[in-house]
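*Asks:* Give me coordinates for this.
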Amino acid sequence: MSAAPTHAAPPGAAGPRWPIDRLVASGALVLMLLIPLVEMGARPLLGHGIANAPVLVQHLGLVLAMFGAVAAERTGHLTTLAGNAPTTGWRGGLAAASAALLCGMLAHASAQLVWSERSAGHVLAYGIPVWAFQAVLPVGFVWLGGRLGRRAGAASGHRALALAAAVVLPLAGAGMAVSLDGGLPLPLPLVIAGLALALLGGAPIFAVLGGLAMALFASEGQPLASVPLSHYQITVNASLPALPLFTLAGLILARTGAAGRLGQVFVALFGSGVTGTVIATAMLCSGFTAVTGGSGVTILALGGLLLPLLRQTGYPERKGIGLVTSASALGVLLAPSVPLILYAIIARVPINTMFLAGVVPALVMVVCLLVLGGFLRAGSARTDTTDTPPPDASPRPTLGVALWQARWELLAPLVAVGSLVSGLATPTESAALTAAYALLTQAVAHRELTARGLSEALGLSVQVIGGVMLILGMALGLTNYLIDAGIPDAATEWVQQVIPNRYLFLLAFNVFLFLAGALMEIFAALVVLVPLLLPVAQAYGIDPVHFGIIFLANMEMGFLCPPAGMNLYFASAMFDRPIREVARSVLPAVLAILLGTLLLSWVPALALALPQWWASR
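*Replies:* Numbering: from 1, shown residues only. Got it, this is the predicted structure:
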């Protein structure tokens, strides 16, 4: 997962420091943190916890998702085909106008869902009706449509036109949805072509996926409410609250001195020579990405610390940039990586099983990077044209001192993984424990987390998760249609006829995923491709857990390949080097990760042995 980019806010993003969307979403996240903790404490003390606590937390996730998505739009963090930065100019205006129309359609479909649920009269807990939570769906889509419409009107440079577009475009979209209830008035290929143009023009991925799903349902005469219903169902999934809570824990650690303390541990553990510093860099970057949930966060947090350490040993600067940039992509396979959790939810695999399955493959990928990528061979250190600074004369802490200083950070993975794998906590409770642990240790033990730092961590968490959840919900609506239409079964039959050999399929599968990773943001790839490709892989006897490891390993390469390779852009900004130079520095790493991915593909035991051993205990 890449961190949110550091570009400027889009037009119309100016406003109060705590606008209502961020305030509501952050409040929902705080409640999602507190309720599981209170529940865990109340059970042994009182013999019972909060009534329907898990269901309440899941529906708070719906509130977070919708208002977090509005906050993401306001700050320019809604994911487009090229990443997160919104397209500007007339092209961006047309893309935003298309997205505003689609949001209006989704708002109308959501209102139909809420009306249907209100008639059913289901109660969630404490007398709160289910429809009261579902009502945030039409509210959120109307709000999003208004903001996107305003962005579209702002492209003209006229404030009055921007305000008019904020009202007219969502209303026009709602009117279009009414007409679609009687069937699709336009030829389906024409609609798909229009949506493709909007996507290429810079429209948010969620809007295009939602529009395509609604068009397909309308073409079959089915209700448009099927799409927001899918979004609601995936948002209140029992495992989903773990995503924002683990994300919050990682962002809290990224805003303190945790990176520096962990860096001292790894340098003291592996030595301060060339080999030791290189190994320490690879291990630390991959581990930090797993905990923080963002390879971009790792580059920003550790790049300024690790590159000078590498240079002080005489390591070539360009090679050091390549090592930090590529190693930061390798934490996707390690718990509690957010993509790892998201795959488990989509593929309906136990999260603790995926956590165990990723351990050995993550180590294999690090070894492949260091050995096959040539990063352990310093060789030309003194031939680098960059002046090497003199060695740092400041004393380095011993291993014992470094371990003691970083004791709280080193225990964080044990809290996250241990509580879940041991069965002492559910995924949501484990994530809440981890977030609370990060908050307390950094604010109380180290006294480094300020109120402003916590505010920023909360704000970025809800923006990232809000944007991701919209894509996930719309993609599920599209997937449900494809399943009903029998598309995965037909694709499986066709692929088996064309590629009868399992190993040849794995090779073709890896090539396809490599290209997908270079063209698609990791969350978009997960929610769009996994439901389609997993049935095909299972037809070849590939275990869903093994499939997930292969999929995520390929996505690690995607971080290093343009145009969607966000690590290149973060490294270019962090190290003040041209994109072309950074891309050249990671070429050996791309080849090494590709070979490691093929190894993981053809040796399933690397992914499956540890979960199978744990299950047999």
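*Asks:* pull the CA atoms of stretch 230-248 into PDB?
*Replies:* Provided in PDB are the C-alpha atoms of stretch 230-248 (Å, rounded to 0.1, in the frame of the first residue of the first chain):
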ATOM      1  CA  SER A 230     -23.100  -4.800  -2.200                       C
ATOM      2  CA  HIS A 231     -21.200  -1.700  -0.800                       C
ATOM      3  CA  TYR A 232     -23.100  -2.000   2.400                       C
ATOM      4  CA  GLN A 233     -22.500  -5.700   2.800                       C
ATOM      5  CA  ILE A 234     -18.700  -5.500   2.300                       C
ATOM      6  CA  THR A 235     -18.400  -2.400   4.500                       C
ATOM      7  CA  VAL A 236     -20.000  -4.100   7.400                       C
ATOM      8  CA  ASN A 237     -18.000  -7.300   6.900                       C
ATOM      9  CA  ALA A 238     -17.000  -8.800  10.300                       C
ATOM     10  CA  SER A 239     -13.200  -8.500   9.600                       C
ATOM     11  CA  LEU A 240     -13.200  -5.100   7.900                       C
ATOM     12  CA  PRO A 241     -12.800  -2.900  11.000                       C
ATOM     13  CA  ALA A 242      -9.300  -4.300  11.400                       C
ATOM     14  CA  LEU A 243      -8.200  -2.300   8.300                       C
ATOM     15  CA  PRO A 244      -8.600   1.200   9.700                       C
ATOM     16  CA  LEU A 245      -7.400   0.200  13.100                       C
ATOM     17  CA  PHE A 246      -4.200  -1.300  11.900                       C
ATOM     18  CA  THR A 247      -3.700   1.600   9.500                       C
ATOM     19  CA  LEU A 248      -4.100   4.000  12.500                       C
END
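*Asks:* What are the buried residues along that stretch?
*Replies:* In terms of neighbour count (16 or more other CB atoms under 10 Å), stretch 230-248 has its buried residues at 230-232, 234-237, 239-248. All C-beta atoms are positioned from the backbone trio N, CA, C, and that covers glycine.
*Asks:* ditto for stretch 117-126
*Replies:* Buried, per 16+ other CB under 10 Å, within stretch 117-126: 117, 124.
*Asks:* and that stretch, how far apart are its ends?
*Replies:* Start-to-end span of stretch 117-126 (CA to CA, to the nearest Å) is 17 Å.
*Asks:* What average pLDDT does stretch 100-116 get?
*Replies:* Averaged across stretch 100-116, the pLDDT comes to 92.
*Asks:* Return the distance of it from the chain's centre.
*Replies:* 26 Å (CA atoms, centre = their mean, to the nearest Å).
*Asks:* 15 is where my numbering starts, stick with that
*Replies:* Sure thing, new numbering starts at 15, so read that last one as stretch 114-130.
*Asks:* check contacts around Gly290.
*Replies:* Applying CB atoms under 8 Å, 6 or more residues apart in numbering to Gly290 gives the contacts 281, 284.
*Asks:* Am I right that it falls within a helix?
*Replies:* Yes. Counting by DSSP: H, G, I helix; E, B strand; the rest coil, Gly290 is located in a helix.
*Asks:* Could you list which of the buried residues of stretch 244-262 belong to helices?
*Replies:* Members of these lying in helices (criterion: DSSP state H): 244-246, 248-249, 256-262.
*Asks:* Out of these, which is nearest to Leu230?
*Replies:* Among these, Ser244 lies closest to Leu230 (CB to CB), at 12.2 Å.
*Asks:* How is Leu138 assigned, secondary-structure-wise?
*Replies:* Applying three-state DSSP: Leu138 is strand.
*Asks:* which residue sits closest to it, ignoring its sequence neighbours?
*Replies:* Val144 (5.1 Å; CB to CB, 6 or more residues apart in numbering).
*Asks:* do you know how far that neighbour is from Gly159?
*Replies:* 24 Å (CB to CB, to the nearest Å).
*Asks:* can you check Lys333 too?
*Replies:* 48 Å.
*Asks:* Also Tyr583?
*Replies:* The value you get for Tyr583 to Gly159, if CB to CB is used, is 29 Å.
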